[in-house]
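Student: give me a 3D structure for the following:
(4 chains)
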Number of protein chains: 2
Amino acid sequence: MTAQAARSAHGRRDGRGRAQTRRPRPATVADVARRAGTSRATVSRVLNRYPHVRPEVRETVLRAIDALDYRPDRVAQSLVRRQTRTVGLLVADITNPVYAEAARAVTEVLGSHGYNVILADSQYLPRLHRQHVGLLQENRVDGIIFGSVLLDDPDAERLLASGYPCIMFNRRLRSGRGSYVVLDNVDAGRRVTRHVLELGHRRVAFIAGPTNTSTAAERLEGFRRALAESGVPVDETLIRQGHYKADFARQAALELLTLPRPPTAIVAGNDLMALAVLQAAGELGVRVPEDVAVAGLDNIPMAAHHRIQLTTVDNHAAEQARIAAGWMLEIISDPDRYAAEPFRQVVRPTLIVRATTGPPPGRARPPGVSSRTSTSLGRP
Amino acid sequence: MTAQAARSAHGRRDGRGRAQTRRPRPATVADVARRAGTSRATVSRVLNRYPHVRPEVRETVLRAIDALDYRPDRVAQSLVRRQTRTVGLLVADITNPVYAEAARAVTEVLGSHGYNVILADSQYLPRLHRQHVGLLQENRVDGIIFGSVLLDDPDAERLLASGYPCIMFNRRLRSGRGSYVVLDNVDAGRRVTRHVLELGHRRVAFIAGPTNTSTAAERLEGFRRALAESGVPVDETLIRQGHYKADFARQAALELLTLPRPPTAIVAGNDLMALAVLQAAGELGVRVPEDVAVAGLDNIPMAAHHRIQLTTVDNHAAEQARIAAGWMLEIISDPDRYAAEPFRQVVRPTLIVRATTGPPPGRARPPGVSSRTSTSLGRP
DNA sequence: CTGAAAGCGCTTACAG
DNA sequence: CTGAAAGCGCTTACAG
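Tutor: Down below sits the predicted model:
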């Protein structure tokens, strides 16, 4: 009778008198309390493992929960507890393996603690970025993990200033504010460039990401420093700054490789761009590394593939993301400690020399360096 | 004075008397109403663009909203409206470009309509899959988009039976129930296999994904049908069924290629596996396509790379995801129509012949087929 | 056109 | 150990 009443209370007909198939209303604490012959407060207590509940009562409630297939409404819980157990994850491009790996790590860490993660992909568009931050805030997420913070980012700065739990990974703010775990991108750019210089290259090009990101700015800075340290003058015509996009990198590489005096080495701002440089070289019939050396930055899984064997620098993206997620959990559980001092970590880059870099044309291969070329399919 | 009172009402000290830095409580409708000298109901009305609000009042409220930087609490709205404007997206592996592309498409479509998407990555683990479905349900998401439904999936079946808005893409249920947009996977497996048979191959291996997915089962079925149609007997030792994992595929390929009578062609259950087959061939010094032809299924972006040039079948993943997201929006706005008849669409696969497939060793290349090999870096 | 009141599904002091 | 009551931040009939 009770169940029937509940059902009919929710059955309706629309304007045209068509019967509506309402899906069953999920059970509430009230339903459970009624069935267990107790109060909603007590149901809530057993639900939340309060210490002092009489064993018999607990059992009855548990049985009722089971019978009704009751699942607490997290929306209602969020409202009263003032926490949603949801975290926002902001990325610039989920189709970039760097962010996909990071998303995997973040969802894994947070998921194992019962947290949801809302994925927001800004597609490198500041407009979307801003919109997503606003939406996440309205949703009262417990915190936001920025994988794609801009160098100058009013939204991130505002949140930070208001004490909203924020963690950045991969990129950071120009102001240096907030908690972040990032690669030492200057060092990363420096090391990969130095590697190429040590092979004997002197005309080295750099295809950089967008100016409004710390990664692009710092990696380019590392490139400049490496040249300066080796006393190699910077040829500005060999520096192309644009977007973290394959299209842009391919076009830039096509231009660089058809220059009257083309570079003998090209360093790309990230691996996706380096792959596009490889593509451009392939299209032009330019051999790698015989005619041009190519290096990337990130070490996405594909870089290790036998057909690619890209020289690059590992950014330890998954580790960064795991750290960021762990910090977020800490901050959420104790916001005060966090307010006092931000979390900061700079990850050391790891240079990974593979087959896309070698000495420049007409220069002896340094002793000890394998002569394996990228086009060889033979066993190393 | 009001602001001060509000602030002090929230200032606290913890047990040890340490001053706590509480972040400012966000403004509520009550705050706005007070400042605008009206009621919460009226504030709500201008917020939700109700028709009948006096222009002067509307203006005052708008100014108050602006002054207080008021943003409606979506949690509270969700509770009363009984919809969260959040959708769950279930994937098996966000690091697989197929799912990354799909996630991009889903977040784009839903985001542009003000919806959030909670990303849940099951990592091919039924345990996580089940856990995520439960969590999404507790969060009262307006619907769930399954990219990773299992062939036999009690959770999906339960949701479907209860009328919960669900859309599947990529994979579907064995029972055939529910709304889905999927590739014609049988045809996809059939076409890529037929392509290889037409090149003259007779010893063709298939490395399949897990048995509990419709994609793996159907693609393998397509493989069998193609062989049957060509009168080629199936050699079960050339069929390896396991996981959609590079490791598994690489190991299987290593075994297949070192068989006394190795296959002359290997079809992989997806592109990630095909890439691993290429890797294995490279490691063994087996040339592709001269010694063995390799083909995949999916057409991930990397398959088109100059260094890869993988023959494959396009699964139109982004399009599938866009369709799924669009349907979800429709269902949410009119659940009744949906209850009547599910949405269904089967996408035609597109065979994409690139450079990893060619005639078997010792057989003349059919006329008209380019002699370009995968190792050539020259212009096509 | 507008406000007072009830209610969404929970949790949490407050009494007892 | 347990229940009645208040309240989280909204929206929505219901009156006026």
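Student: contacts and neighbour counts: CA atoms only from here.
Tutor: Will do.
Student: which SS class is residue A:50?
Tutor: Going by DSSP: H, G, I helix; E, B strand; the rest coil, the secondary structure assigned to residue A:50 is coil.
Student: quick one: end-to-end distance for stretch A:331-346.
Tutor: 19 Å (C-alpha to C-alpha, to the nearest Å).
Student: find the nearest non-adjacent residue to residue A:257, please.
Tutor: Sequence neighbours aside, residue A:263 is the residue nearest to residue A:257 in space, at 6.9 Å (criterion: C-alpha to C-alpha, 6 or more residues apart in numbering or on different chains).
Student: is it correct that the one you found is in contact with residue A:204?
Tutor: Yes. At 5.4 Å, residue A:263 counts as touching residue A:204 under the criterion of C-alpha atoms under 8 Å.
Student: what is the burial count for the residue of the stretch 201-350 of chain A found nearest chain B?
Tutor: For the stretch 201-350 of chain A, the residue closest to chain B is residue A:285, as judged by C-alpha to the nearest C-alpha, at 4.2 Å. Neighbour count of residue A:285, defined by other C-alpha atoms under 10 Å in any protein chain shown: 15.
Student: quick check: residue A:265 touching residue A:290?
Tutor: No. Between residue A:265 and residue A:290 there is no contact under C-alpha under 8 Å: 10.1 Å.
Student: which one of these two has more residues nearby?
Tutor: residue A:265 (30 against 17).
Student: if we can go back for a sec, what touches both of residue A:265 and residue A:290?
Tutor: Listed contacts common to residue A:265 and residue A:290 are residue A:360; contacts here mean C-alpha atoms under 8 Å, 6 or more residues apart in numbering or on different chains.
Student: go through stretch A:188-198 and flag the buried ones.
Tutor: The neighbour-count check on stretch A:188-198 (16 or more other C-alpha atoms under 10 Å in any protein chain shown) flags A:188, A:189, A:190, A:191, A:192, A:193, A:194, A:195, A:196, A:197 as buried.
Student: closest to DNA strand C out of those residues?
Tutor: residue A:188 (46.5 Å; C-alpha to the nearest atom of the strand).
Student: residues contacting the closest one?
Tutor: Contacts of residue A:188 by C-alpha under 8 Å, 6+ apart are A:219, A:222, A:297, A:313, A:349, A:350, A:351.
Student: name the element the nearest residue to the fourth one once chain neighbours are set aside belongs to?
Tutor: Distances taken as C-alpha to C-alpha, 6+ apart put residue A:351 closest to residue A:313, at 4.4 Å, once the chain neighbours are dropped. For residue A:351, the host element (DSSP states H and E) is strand A:350-352.
Student: where does pLDDT dip in the stretch 201-350 of chain A?
Tutor: Applying pLDDT under 70 to the stretch 201-350 of chain A flags the ranges A:339.
Student: show me where it has helices.
Tutor: A:214-229, A:246-257, A:271-284, A:317-333, A:335-340 (DSSP state H, counting those that start in this stretch).
Student: what does the stretch 51-200 of chain A give?
Tutor: Using DSSP H, counting those that start in this stretch, helices in the stretch 51-200 of chain A cover A:55-68, A:74-81, A:97-111, A:126-138, A:154-161, A:185-198.
Student: okay, the angle between the last one and helix A:214-229?
Tutor: Angle between the axes of helix A:185-198 and helix A:214-229 is 40 degrees (criterion: axes from the mean of the first three to the mean of the last three C-alpha atoms, to 10 degrees).
Student: same check, this time on the fifth one
Tutor: Note on geometry: by the same axes, to 10 degrees, helix A:154-161 and helix A:214-229 are set 100 degrees apart in direction.
Student: so for helix A:154-161, what's the average pLDDT?
Tutor: Regarding helix A:154-161, the rounded mean pLDDT is 95.
Student: would you indicate which residues of it are buried?
Tutor: In helix A:154-161, counting by 16+ other C-alpha under 10 Å, buried: A:155, A:156, A:157, A:159, A:160.
Student: got it, and the fourth one?
Tutor: Using 16+ other C-alpha under 10 Å as the test for burial, helix A:126-138 gives A:128, A:129, A:131, A:132, A:133, A:135, A:136, A:137, A:138.
Student: before we move on, the earlier item: including pLDDT and distance to residue A:246, could the buried residues of stretch A:188-198 go into JSON lines?
Tutor: Listed next are the buried residues of stretch A:188-198 as JSON lines, based on pLDDT from 0 to 100; distance: C-alpha to C-alpha, whole Å:
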{"residue": "A:188", "pLDDT": "98", "distance to residue A:246": "20"}
{"residue": "A:189", "pLDDT": "98", "distance to residue A:246": "19"}
{"residue": "A:190", "pLDDT": "98", "distance to residue A:246": "22"}
{"residue": "A:191", "pLDDT": "98", "distance to residue A:246": "23"}
{"residue": "A:192", "pLDDT": "98", "distance to residue A:246": "20"}
{"residue": "A:193", "pLDDT": "98", "distance to residue A:246": "20"}
{"residue": "A:194", "pLDDT": "98", "distance to residue A:246": "24"}
{"residue": "A:195", "pLDDT": "98", "distance to residue A:246": "24"}
{"residue": "A:196", "pLDDT": "98", "distance to residue A:246": "22"}
{"residue": "A:197", "pLDDT": "98", "distance to residue A:246": "25"}
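Student: out of those residues, who's nearest residue B:27?
Tutor: Residue B:27 lies nearest to residue A:188 out of those, by C-alpha to C-alpha, at 44.3 Å.
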